[in-house]
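Q: Provide a 3D model corresponding to the input given below.
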Amino acid sequence: MMLSHSVKDFCIIGPKGSGKSAVVKTFADRLNYEIEPIMLYQDMTSRDLLQQRSTQTSGDTYWRPSPLITAAVEGKLAVLDGIHRINPGTVAVLHRLIHDRELTLFNGTRLLRHDKYDDIKDSEQLSDDDMTTRSILRIHPSFRIVGLAEPPKVGSSSGQWLNPELLSMFLYHPMRPLSTQEEQHVINKLIPDVPEIETLLQLSHKLLSSTDATLQSIATSLSTRQMLRIARRRAAYPSESLYDAVHKACLSRFLPRLARTALEQALSNSDIEKPCIDSSIDQIQMSVTCEIKHEVLRIGKTEVNIHTPDNQMKVPDVLFYDNPQHLSVMESMLKDFLLGEHLLLVGNQGVGKNKIVDRFLYLLNRPREYLQLHRDTTVQTLTLQPTVENGVIIYEDSPLVRAVKLGHVLVVDEADKAPTHVTCILKTLVESGEMHLSDGRKIITHKQGQDQGQDVTSNMIVSHPDFRMIVLANRPGFPFLGNDFFGAMGDIFSCHAVDNPNIDSEMSMLKQYGPDVPEHILRKLVLAFGELRNMADQGLLSYPYSTREVVNMVKHLQQFPEEGISSVVRNVFDFDSYNKEMQDTIVKTLHKHGIPIGARPTNIDLAKV
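A: Next comes the predicted model:
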């Protein structure tokens, strides 16, 4: 990299989570470079890369230089993260900048190589101001471009981004995954005395070197970045099970059955066994309760001091009934939250992800900013909200920017609905704490803000040290038809699978929603829906009926006790009456548990005397 840097721009190609960004940061620190991170995305245009139209306070529009042009003039290290994502036609506009160190912008401004610029300035006896007036700018001799990309997909027609045109633009450095010894050395240097780390590393490299494509796909969830996260948590909570840590990192609850079986077999071969559950009375009581005493919150065995916010109005307060399963998820979230992690909650629709997060923030007394994504979400709408005042476009801060400024917790809902090339711009914010906004401002880390002190300009937003992000997503694929957010960005978050409560937890919760509903009716509903969910997991039903539907039925029965259970159940299942095969399956399951919906003479079996 040092040799390549001395003559030309270069690009690092390596798998996700292998440490490309960390290597570039160290490289920049050694050479005293200031990094200008530029996140590339699929629908990025040449305007986004070079110059963008913006509006002045007077209402006039003007061309605003992009971070890449600013880096070229100021001699920074421009890091183009995600070259494999961007359209080849867009990156082609950089040919002259990379090969000749010259560029003509959309407004007619020319950028010239430093020696050519100096020759013209001397021969014409002009000053720098005169050259600027003539729209000629000098490219700093220290300016370099570093590209970061993932390897082309072997055997896939869609992932072949490395074409002859791109091959001529950079000097390329392949970055292989670390060996077991190298990875262990890195982890031991950063987090010493981590229990059972050798066993975990051996498992990871067994999966990576396997010829089975299923095991190789699981290995991507155990990248170096994920290993460091597991090691930090194991160092802080040594009593936790390594078995659970691997399942949590791989989000095994939503793996296909074949992949889950293969993972279990790999864990067994590596002597990583499922832990025995401590069933003592004290342990059960501690693990399923939470309390606030003397400004200290305890969830299970984990304790934290209550936060004192500046704005109490934004602390969510929702109706929530404690149950053991949701409390155990919140305890796991709290452990990661205390370690400074950003969280990702993945689960089926209606399992209570929003309720859990709102209750979690209420207990911590943390203000919340809420952002809901959809299929038409763009990079611009994610960061800014444009409004028109007196004929002038005013950019208001989006919830994301407000959360960064004020140190609130940003809850990003329906993250799987937005295209992954849009949500991937969150990577630099989560990973490095830096991000460029579409109006020219830049988010910088709290430490950078302290280091710069008085030099912080109005175009810089200093990130608050308390800022955190909690992302909610449905599982990928049918029936939710979302994008694979976990596959694209899962390893930069601490992931938690949220499932429907088990029988005891669901019964405990429903009794609080419907205290006057007879217990035998609640049990019928819980058992029937539990079986329907199992059938959905096996692929026999398309929709995984969730806790939300059961809660709504119980609330209805509580409000209108004279209405029969069969008519209340129809509120949920009438939509499936158009599919006869599915309706027959549902009716048969409900009859099995004593719910008489859609009873016909053919459903009645008379006993023989």
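Q: please, which helix or strand holds the closest residue to P544 other than its chain neighbours?
A: Nearest residue to P544, sequence neighbours excluded (CB to CB, 6 or more residues apart in numbering): A536, at 3.9 Å. For every residue, glycine as well, the C-beta is placed using N, CA and C. Following DSSP states H and E, the helix or strand that holds A536 is helix 519-537.
Q: which helices and strands sit right next to that helix?
A: With contacts taken as 3 or more CB pairs under 8 Å, 6 or more residues apart in numbering; DSSP states H and E, helix 519-537 sits against helix 503-513, helix 547-559, helix 565-573, helix 580-592.
Q: returning to what we had before: for N348, see how far away the residue nearest to P544 is.
A: From A536 across to N348, the span is 8 Å (CB to CB, to the nearest Å).
Q: which neighbours do these two share?
A: Contact criterion CB atoms under 8 Å, 6 or more residues apart in numbering; residues shared by A536 and N348: P544.
Q: which residues touch Q385?
A: Contacts of Q385 (CB under 8 Å, 6+ apart): Y395, E396, D397, S398.
Q: okay, who's weakest in these by pLDDT?
A: Within the set of these, pLDDT is lowest for Y395 (73).
Q: element containing it, please.
A: strand 392-397.
Q: picking up where we left off before, ok, which of the helices and strands packed on helix 519-537 comes nearest E414?
A: helix 547-559 (15.0 Å; CB to CB).
Q: can you give me the buried ones in that closest one?
A: T547, R548, E549, V550, V551, M553, V554, H556, L557 (16 or more other CB atoms under 10 Å).
Q: stretch 91-101 now?
A: So, applying 16+ other CB under 10 Å, buried residues of stretch 91-101: V91, L94, L97, I98, R101.
Q: quick one: which two of those are the most distant?
A: Taking CB to CB, no two of the buried residues of stretch 91-101 sit farther apart than V91 and R101, at 16.7 Å.
Q: quick revisit: what comes up buried for the strand holding Y395?
A: Buried residues in strand 392-397 (16+ other CB under 10 Å): Y395, D397.
Q: just the helices from the stretch 201-350 of the chain, written as ranges.
A: 213-219, 224-236, 242-250, 257-269, 281-287, 324-338 (DSSP state H, counting those that start in this stretch).
Q: of all those, which lies closest to I586?
A: Taking those one by one with CB to CB, helix 257-269 is closest: 22.3 Å.
Q: quick one: low-confidence parts of the stretch 51-200 of the chain?
A: Flagging of the stretch 51-200 of the chain using pLDDT under 70 yields the residue ranges 55-59, 155-159.
Q: repeat that for 90
A: Applying pLDDT under 90 to the stretch 51-200 of the chain picks out residues 51-67, 81-96, 105-108, 117, 121, 124-133, 135, 150-169, 175-200.
Q: residues in contact with the closest residue to P515 other than its chain neighbours?
A: Excluding the flanking residues, the one nearest P515 by CB to CB, 6+ apart is Q558, at 7.4 Å. Counting by CB under 8 Å, 6+ apart, Q558 makes contact with Y513, G514, P515, D516, V517.
Q: which among the residues you listed count as buried?
A: Using 16+ other CB under 10 Å, the buried ones in the contacts of Q558 are Y513, G514, V517.
Q: now render those as JSON lines, adding distance to R110 and pLDDT.
A: As requested, the buried ones among the contacts of Q558 are arranged in JSON lines below (distance: CB to CB, whole Å; pLDDT from 0 to 100):
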{"residue": "Y513", "distance to R110": "69", "pLDDT": "90"}
{"residue": "G514", "distance to R110": "73", "pLDDT": "89"}
{"residue": "V517", "distance to R110": "76", "pLDDT": "88"}
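Q: turn those into CSV, columns for distance to V498.
A: CSV is the format used below for the buried ones among the contacts of Q558 (distance: CB to CB, whole Å):
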residue, distance to V498
Y513, 19
G514, 23
V517, 25
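Q: re earlier: out of the helices of the stretch 201-350 of the chain, which gets nearest to D310?
A: helix 324-338 (19.3 Å).
Q: tell me how many other residues surround L251.
A: Using other CB atoms under 10 Å, L251 has 18 neighbouring residues.
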